[in-house]
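Novice: just the structure for this:
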Amino acid sequence: STIYFYISSLNYFMKKQYKIAFLFIISTTIFFVSLLIDPLTTSRLMILVFLILFVLIPLMYIKTKRMLILLLLPATVSLLYISTSPKIKKGIHTFEIALNQDIFTESWGHRLGYAIVGVKIFKEHILIGRGIADVGERINKFVKKHPKYFIGDNGIRHFHNEHINMLVQVGIIGYTLFIIFFFFFLKMKIDNSFVNKLKYSFFIAFFLVMFGEHYLTIRPISTFFSLFIALLLLYNKREIELKTTLKEKYE
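Specialist: As a prediction, this is how the structure comes out:
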């Protein structure tokens, strides 16, 4: 929702419809604050992904030097938040401890540890993977030999990384097919610039959050992801049909 409102605000700003743009900016702010307002549900990964998109999306609009202001503001806001947020600082600190001291604790430290475990298991079946069944049994065996990667994990038995999870399950061959799908889908031409920007932004968001969790294996999110793809395909089909109809009409 935040991405949708953010792109809408930039669209109306470019059209010089400043009142409507302001309303969408307010909506974007409200949705972004919703990511921060409750410490128990705050996801640092989601915030970081949105901040990255907050900077990248204006690049889709910049055509002249005058429009660099679209990039300057979100870049400044993102840097200020990252440099001042206690949660981000804590995450970076635990990540550094994991790298330098081989101690894997807290959220970011755990994720690095799980990623290392995933890569080690992936190396056992590089080409076609272990299969799409649960890999928890293999992880349980790994825990007994290397408990340092699972300090305080409360029995969690997955990698917190969809990319690594796919590599473990379907190997390089399956993961390559997945990346090829991404590539060709993003190449699909959509004439409507607003929908096209949504396409790129949502796919970037999905691709980035996959580095921090198994989101595509969570049913509501995988359903939304599939629905979003289906709607884009239908939209593209409708554009082609309209072009064909207009061409036949004027021939």
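
Novice: please enumerate the helices of this structure.
Specialist: Per DSSP state H, the chain has helices spanning 2-14, 18-34, 44-59, 69-84, 86-101, 106-122, 136-145, 162-187, 193-209, 219-250. These are given in chain order.

Novice: got TSV for those, with mean neighbour count and mean pLDDT too?
Specialist: Every C-beta, even on glycine, is put in place using the N, C-alpha and C of the backbone. Listed next are the helices of the chain as TSV, based on neighbours: other Cβ atoms under 10 Å; pLDDT from 0 to 100:
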stretch	mean neighbour count	mean pLDDT
helix 2-14	20	90
helix 18-34	15	89
helix 44-59	18	83
helix 69-84	14	74
helix 86-101	14	74
helix 106-122	20	79
helix 136-145	13	76
helix 162-187	16	90
helix 193-209	17	90
helix 219-250	12	87
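
Novice: wait, which of the ones you listed is closest to residue 128?
Specialist: helix 162-187 (4.3 Å; Cβ to Cβ).

Novice: what angle do the closest one and helix 106-122 make?
Specialist: Between helix 162-187 and helix 106-122, the angle comes out at 90 degrees (axes from the mean of the first three to the mean of the last three Cα atoms, to 10 degrees).

Novice: want to throw the helices of the chain into CSV with distance to residue 128?
Specialist: Compiled in CSV, the helices of the chain are given as follows (distance: least, Cβ to Cβ, whole Å):
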stretch, distance to residue 128
helix 2-14, 35
helix 18-34, 41
helix 44-59, 29
helix 69-84, 39
helix 86-101, 30
helix 106-122, 11
helix 136-145, 15
helix 162-187, 4
helix 193-209, 23
helix 219-250, 22
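
Novice: between those, which gets nearest to residue 129?
Specialist: Nearest to residue 129, of these and by Cβ to Cβ, is helix 162-187 at 3.6 Å.

Novice: now residue 50, nearest residue through space, not along the chain?
Specialist: What sits nearest to residue 50 in space, not counting adjacent residues and going by Cβ to Cβ, 6 or more residues apart in numbering, is residue 2, at 6.0 Å.

Novice: which ones are touching that neighbour?
Specialist: 28, 31, 32, 35, 50 (Cβ atoms under 8 Å, 6 or more residues apart in numbering).
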